[in-house]
Each structure stands twice: as structure tokens, then as C-alpha cells.
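> got a sequence here, can you model it:
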Amino acid sequence: MLGNNGLKLITIIGLLVVGSTTSGCKPPPPPPPEQGPPEVAVVTVSPERVVLTTELPGRTSAYLVAEVRPQVSGIIQDRRFEEGQDVNAGDILYQIDPARYQATYDRAVAALAIAEANLPAIRSRVERYKSALATRAVSEQDYDDATAALKQAEATLDARKAEVESARIDLSYTPITAPISGRIGKSNVTVGTLVTAYQPVALATIQPLDPIYVDVPQSTTNLLRLKQTLENGSVQGDASGQQQVRLLLEDGTPYPLKGTLQFRDVTVDPTTGCVTLRMVFPNPEYTLLPGMFVRAVVEEGVNEQAILIPQQGVSRDPKGNPVALIVDAEGKVGQRMLMVDRAIGDQWLVTVGLAPGDRVVVEGMQRVRPGDSVKVVAFDAGRKGDSEAVKTVEPARDGGA
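So this is what the prediction gives:
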């Protein structure tokens with residue numbers, strides 16, 4: 001007979017056999033559900049009206065610059081302006097000690113008076129000799145000598161008049177006046193300074209600040225590209241012929257007033273390959289000062305049929321060429337080679353490769369390849385938390401995007 005221990009052992013063995021038999025008969029898990037085609041978000045290409053602009057760095061410069069220099073030498077006797085104030089053309093800025101020039105003028109006037117006093121007597125003598133020559137009362141030599149003396153006296157009179165005028169001009173230069181109207185800067189001399197005529201160092205500088213110039217460089221490559229687009233009609237120029245320009249200040253603040261493109265320089269800088277564009281801006285509040293760094297936004301023209309797509313919808317092939325994935329009418333993915341002109345906000349301006357109605361993949365590009373069938377959904381630019389989502393922008397309407 002089996003003891004209690006034997007019965008327990010038989011019972012445990014039976015339970016193990018039953019458990020192993022039960023587990024071996026467990027049915028396999030069901031297969032995973034079949035996945036449908038991958039989902040991609042697309043934008044449908046539609047032409048838009050876009051004002052094309054170019055942003056160029058530049059600096060402001062004064063509309064006119066007048067460096068005030070003395071035209072005669074002497075000691076500065078007085079300064080008659082406040083530094084930094086506006087002056088008008090003809091205002092006296094400095095006074096040079098006029099004593100020496102006044103004396104020179106007085107001496108020239110006296111010499112002129114002497115020449116004028118001598119002339120009538122010599123002229124009368126010539127008239128008498130002329131009458132006496134007819135009766136042979138004087139010789140022809142005497143008459144010739146008197147005529148020569150008259151001509152010499154007349155020439156001396158003209159020379160004295162010129163000396164008076166020269167002395168008067170020098171005297172008139174002792175008050176140094178403003179040649180133009182504008183804002184005057186700091187004075188480089190003080191009262192008591194000896195200045196010389198036409199010295200290299202200016203006494204002060206006058207600059208009108210309204211209007212003001214903005215000079216920016218533009219590469220010849222961009223210049224030729226703009227010319228071609230205007231010629232082939234893809235971009236329409238301003239009917240008035242004057243290109244409008246906006247301005248961004250150093251801190252990025254838009255300048256409130258618009259300017260106009262005045263001219264393009266006719267010479268290319270060989271060191272940079274750029275030409276200089278000169279714009280004119282009104283500056284009634286004197287916000288712009290000469291020498292400031294600014295960025296000019298130049299309106300090149302209007303593209304009435306521009307194609308813009310989000311930048312995230314454009315990738316690069318191994319050669320660096322821009323490409324995009326599109327979805328055809330059958331829901332299959334294809335690849336297009338593109339040519340892009342420029343970035344406008346967060347979009348690319350596409351010139352070649354897309355047509356109105358094309359559906360461009362902008363989300364889910366990593367999950368599909370050309371030839372794959374996909375499920376298309378509309379692109380939602382306002383989605384947050386998606387690493388591929390971008391923010392679309394409105395087309396440029398007032399000189400920019």
C-alpha cells in the first residue's frame with residue numbers, strides 16, 4: 001500500500017501532466033489587421049498674385065554734403081552758430097578778422113582814385129596835340145608819345161579797378177557763410193584759431209537730411225535675372241516706371257515712409273561684382289541719419305501667376321537639386337524636378353516643375369516612395385506638435401511677402 005507521501009507524489013504528477021496537455025492545446029493569437037495605404041497631407045497648387053521683392057543691405061548718405069572751408073587766411077574772430085542746429089544758405093557761420101583785408105581794400109580804392117584823377121589831363125593833352133598836329137605846331141612823335149601815355153593811363157585804371165575788385169572779394173570772404181541749407185555738425189575750430197585758405201580740414205560740415213539717400217549694392221546676377229523675367233513677361237514692372245522701396249532699420253523696425261529707386265550705377269565694382277542702387281527717401285522727422293545701416297526692400301515687379309508651395313514640401317536629391325512628391329489622380333506618388341526662384345516667407349516660389357492643380361505632398365514624405373498608393377488628406381497649416389507642419393503665408397501684397 002502507498003503511504004500518504006506516495007499519494008501526494010502521484011497527485012502532483014497528474015496535475016503537471018494535465019497542465020502541460022492543456023497549455024499545448026491553446027489556440028494561436030489572431031493575425032494583426034491589414035494596414036491600408038499610408039496617409040499623406042497635400043496642398044493643391046493654385047496660381048497667386050505676388051509682389052516680388054529683393055532685400056538688400058545698404059547705408060544712408062546725405063542728399064547734399066557741404067564742407068565749410070575758409071577762402072582766405074586769418075584768425076577766427078567769432079562763431080555764430082550752435083552745433084547741431086539747422087542753418088540756411090547765406091547765414092554767417094564764422095567771422096575771420098577783417099582788418100588786414102579792409103586795409104588792402106582801402107589801399108586799392110585809393111590807387112584807383114589816383115588813376116582816375118590822372119586820366120583826364122592825359123586825355124586833354126592828346127586832344128590838343130591832335131589839333132596842333134594839323135598846323136605842324138607839334139611833331140608827330142610828340143603826338144604818338146601822348147597817345148601812348150593815354151593808353152597806359154587807361155590800362156592802369158583798369159588794373160586799379162581789378163585790384164579793388166580782388167580786395168573786395170577777399171574782404172567779403174572774411175565772414176564765412178553757409179553754402180547750402182541743412183543741419184550743421186560739430187565745429188572743428190574755436191575762436192582764436194588760425195585758419196588758412198582752402199585748408200584740407202573743414203571747419204564744419206552741413207548736410208540736408210530731408211530727403212536722404214540710401215545706397216545699396218546689387219549683384220549683376222540678380223540684375224540680369226530681373227531683366228530676363230521682365231523681358232519674358234513672367235514679371236510685370238511698375239507702369240509708372242518708378243520702383244517703390246521700403247526700408248527696415250537696424251533693429252528690424254519698418255520705416256514708415258516709402259522711397260523710390262532713383263538710378264542704378266553704370267559701373268560694376270570689379271571687387272564685388274555689384275552695381276550701386278541709389279534710393280531717395282523722405283525724412284521729415286530726421287529719423288534717418290547719414291551712415292546708418294539699413295535694409296532696403298526693393299519691389300522688382302508683380303507675378304500674376306506665381307506658384308507658391310510650403311518649403312517643407314521641397315527636398316533635395318543627392319545632387320542638391322530641388323524635388324517634390326506629387327499625388328496623381330489615381331492616388332499614386334510621383335516625383336517632380338523643380339526650379340525655385342526664391343523664398344517668400346516660409347514658401348518657395350516655383351518657376352518650373354509644377355502646374356495648377358498638382359497635389360504636392362507636404363506631410364508624410366518619409367513614409368512613401370514614388371509609385372506608392374497613398375491616402376490623401378488636406379494639409380492643415382495650423383496643426384501643432386507635428387514636426388512636419390509649417391505655417392503658410394498670404395501672398396505678398398504691399399511690396400513683400
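> any weak-confidence spans in the chain?
Low-confidence segments of the chain, defined by pLDDT under 70: 1-35, 225-242, 381-401.
> could you point out the longest helix of it?
Ranked by residue count, the top helix of the chain under DSSP state H comes out as helix 99-134.
> return the distance of the very next helix or strand once past that one from the chain's centre.
Note on helix 99-134: by DSSP states H and E, the next helix or strand toward the C-terminus is helix 140-172. Taking the mean C-alpha point of helix 140-172 and that of its whole chain, the gap between them comes to 59 Å (CA atoms, centre = their mean, to the nearest Å).
> and helix 140-172, what's buried?
Of the residues in helix 140-172, those buried by neighbour count under the rule 16 or more other CB atoms under 10 Å are 143, 146, 149-150, 153, 156-157, 160, 163-164, 167, 170-171. Every residue, glycine included, has its C-beta placed from N, CA and C.
> which strands and helices sit next to the longest helix of the chain?
Using 3 or more CB pairs under 8 Å, 6 or more residues apart in numbering; DSSP states H and E, the elements in contact with helix 99-134 are helix 140-172.
> thinking again about what came up before, got a markdown table for the buried residues of helix 140-172, with distance to residue 131 too?
Supplementary listing: the buried residues of helix 140-172 in a markdown table, determined by distance: CB to CB, whole Å:
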| residue | distance to residue 131 |
| --- | --- |
| 143 | 10 |
| 146 | 12 |
| 149 | 17 |
| 150 | 15 |
| 153 | 20 |
| 156 | 25 |
| 157 | 24 |
| 160 | 30 |
| 163 | 35 |
| 164 | 35 |
| 167 | 40 |
| 170 | 45 |
| 171 | 45 |
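> mind listing the helices for the chain?
In the chain, the segments counted as helices under DSSP H are 4-24, 99-134, 140-172, 220-232.
> those: which one's closest to residue 46?
Closest to residue 46 of these is helix 220-232 (CB to CB; 20.8 Å).
> picking up where we left off before, let me have the helices of the chain in CSV, extended by distance to residue 76.
Shown next, in CSV, are those (distance: least, CB to CB, whole Å):
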stretch, distance to residue 76
helix 4-24, 114
helix 99-134, 14
helix 140-172, 16
helix 220-232, 49
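> pretty sure residue 247 contacts residue 253?
No - contact status for residue 247 versus residue 253: not in contact, 9.5 Å apart, counting by CB atoms under 8 Å.
> what's the distance between residue 295 and residue 264?
Distance, residue 295 to residue 264, using CB to CB, to the nearest Å: 18 Å.
> those two: which has the busier surroundings?
With neighbours defined as other CB atoms under 10 Å, residue 295 and residue 264 compare such that residue 295 has more, 17 against 11.
> contacting residues for that one?
Residues in contact with residue 295, defined by CB atoms under 8 Å, 6 or more residues apart in numbering, are 55-58, 247-248.
> residue 198 against residue 68, yeah?
No - with the criterion set as CB under 8 Å, residue 198 and residue 68 do not qualify as a contacting pair; they are 11.8 Å apart.
> who's more crowded, those two?
Of the pair residue 198 and residue 68, residue 68 is the one with more neighbours under other CB under 10 Å, namely 21 against 9.
> what bridges to that one?
According to DSSP bridges, the residues that bridge with residue 68 are residue 204.
> looking at residue 247 and residue 253, which is more packed in?
Under the criterion of other CB under 10 Å, the comparison of residue 247 against residue 253 puts residue 247 first, with 23 against 10.
> could you chop the chain up by domain?
Following automatic domain parsing, the chain resolves into domains at 42-62+210-378, 71-96+174-207, 98-172.
> end-to-end on the longest one?
Using CA to CA, to the nearest Å, the end-to-end distance of domain 42-62+210-378 comes out at 6 Å.
> check the second one too.
Between the opening and closing residues of domain 71-96+174-207 we find a distance of 20 Å, counting by CA to CA.
> tell me how far residue 270 lies from residue 127.
74 Å.
> with residue 320 instead?
Residue 320 is 101 Å from residue 127, by CB to CB.
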